[in-house]
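*Asks:* attaching a predicted model along with its sequence, questions to come.
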Amino acid sequence: MPYNTALRGYTAKRIEEIGSADILMGIPCFNNEQTIVHVIQMLTHGLAKHFGDKRSVILIADGGSTDDTREMARDFEIKPWQEKIVSIYRGPGGKGSALRSIFEAAARLKVKACGMVDSDLRSITSDWVKYLLDPVLEKDYQFVAPVYQRHKYDGTITNNIVYNMTRALYGKRVRQPIGGDFAISRDVANYYVDQDVWGSDVARYGIDIWMTTSAITQGFRVCQSNLGVKIHDAKDPAQHLAPMFRQVVWTLFSLMERYEDHWRTQRGSQPVETFDFGVAGDPEPVKVNIEAMLEHFRAGFKQFGALWKDVLPPATFQAVEEAAGQEASQFHLPTSVWIEIMYELAAKFHAWEKFRMRLVELCTPLYFARVASFVRESWDMTSQEAEALVEEQARQFEEAKDYLVEAWARAEQSPEQ
């Protein structure tokens, strides 16, 4: 049963009592007792330091934590002139439902700016509030995406899929389309609230890419803000990221259907204005296990190889087959092959409506192969040097855009398998 609101009665009543505000800062959370107090502390200090003359509300949108996240959030005292709401959202479990409740609160409070930050942040400072909100309040931007200084192996889904695809499809170089920490204007909050997506994967992990893609395609004024180093609970791709990968890719491919008219004619890309506040620092290293990723890939080849042969063109499949026989020390899945894999999967997702979930599951081992290849190629590089690799990969995705259009047309002409 779909919910017509993510706000529970007591939360809606509390918002009604507050009436209106200038700023809302939201924190989606679930079992974050180790970090939630620090995040709230930085928000209350930042709001007092930079926006002391404005009425501010902090909303903690919890997914039913079984630890002491909510209790710790309730007990922490913010500045007396600020408001705090600790709420359990309604709807499917996931970050998207949490953010839906934040968007609804922003719309009801008629705020001028709404920011949101992840609840597992350890590197957040009080200045992040200014970095996120200033472009909305002072520069008339409507959507602010983050730019971080991240370790080269943090954000593998972004670096190998989402940045490349978003840039090539929609023509904006938003470096962190699923970065987690954003700011929006009230009209963007209103737009998000009105969309009929809250029973889908958008309500789970797909929310960030949906937010960014919607902002670009709807013509909202988009910029980026450099937040400095991001230190959070980073995850080893081989162990933790497969479910997130499937939900993000499902949402990414679904959005391609919705916005086909927008991306088919788009060629090249433009940078978006990036506000750099001069913050610097060294990101924490992220440990990765190449052998584990390659085990996932090889097991996937044994299980899905015959299906990959049906999905991929012969030359692309041959390259994958060759990669499956390589040792870790020599492993390489070329960028050109990875681009063909992603574009073919997107096209088949479009055409094979009955088998979409199966297709997304099929490509998970291929994601492990691509990450393993990127790790091996960048092993001796600094994070800054590895960033150049990411940019070159994104450029190649753009240049191969015609391949996507051709694959899309081919898939439409072939019956479902």
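*Replies:* That came in fine, so what should we check first? Computed from a predicted structure; not experimentally measured.
*Asks:* gap between the residue nearest to Tyr141 when sequence neighbours are not counted and Asp208?
*Replies:* Counting by Cβ to Cβ, 6 or more residues apart in numbering, Tyr141 lies nearest to Pro135, which is 4.2 Å off, once chain neighbours are set aside. Where C-beta positions appear, they are placed from N, C-alpha and C, glycine not excepted. In this view, Pro135 and Asp208 are 18 Å apart by Cβ to Cβ, to the nearest Å.
*Asks:* correct me, but Pro283 touches Arg122?
*Replies:* No - contact criterion Cβ atoms under 8 Å: Pro283 and Arg122 do not qualify, at 11.4 Å.
*Asks:* about what we covered before: and the residue nearest to Tyr141, what element?
*Replies:* helix 127-137 (DSSP states H and E).
*Asks:* distance from that helix to the middle of the chain?
*Replies:* 19 Å (Cα atoms, centre = their mean, to the nearest Å).
*Asks:* sorry, back to before: residues in contact with the residue nearest to Tyr141?
*Replies:* Contacts for Pro135 (Cβ atoms under 8 Å, 6 or more residues apart in numbering) come out as Tyr141, Val144, Ala183, Cys223, Ser225, Phe275.
*Asks:* let me see the domain layout of the chain.
*Replies:* Using automatic domain parsing, the domain parsing of the chain gives 9-275, 290-413.
*Asks:* most tightly surrounded among these?
*Replies:* Ranked by mean neighbour count under mean count of other Cβ atoms under 10 Å, the domains of the chain are led by domain 9-275, which reaches a mean of 20.
*Asks:* pLDDT averaged over stretch 291-305 - what is it?
*Replies:* The pLDDT scores in stretch 291-305 average 95.
*Asks:* please save the CA atoms from that stretch in CSV.
*Replies:* Extracted in CSV, the C-alpha atoms of stretch 291-305 (Å, rounded to 0.1, in the frame of the first residue of the first chain):
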residue,chain,number,x,y,z
GLU,A,291,41.1,-11.3,-5.5
ALA,A,292,37.6,-11.3,-3.9
MET,A,293,36.3,-9.1,-6.8
LEU,A,294,37.8,-11.3,-9.4
GLU,A,295,36.3,-14.4,-7.6
HIS,A,296,32.9,-12.8,-7.9
PHE,A,297,33.6,-12.0,-11.6
ARG,A,298,34.8,-15.6,-12.4
ALA,A,299,31.9,-17.2,-10.6
GLY,A,300,29.6,-14.9,-12.5
PHE,A,301,31.2,-15.9,-15.8
LYS,A,302,30.6,-19.6,-15.0
GLN,A,303,27.0,-18.9,-13.9
PHE,A,304,26.0,-16.3,-16.5
GLY,A,305,28.5,-16.7,-19.3
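*Asks:* which outside residues touch it?
*Replies:* Contacts of stretch 291-305 (Cβ under 8 Å, 6+ apart): 236-239, 308, 320-321, 323-324, 328, 331, 362, 364-366, 368-369, 371-372, 375.
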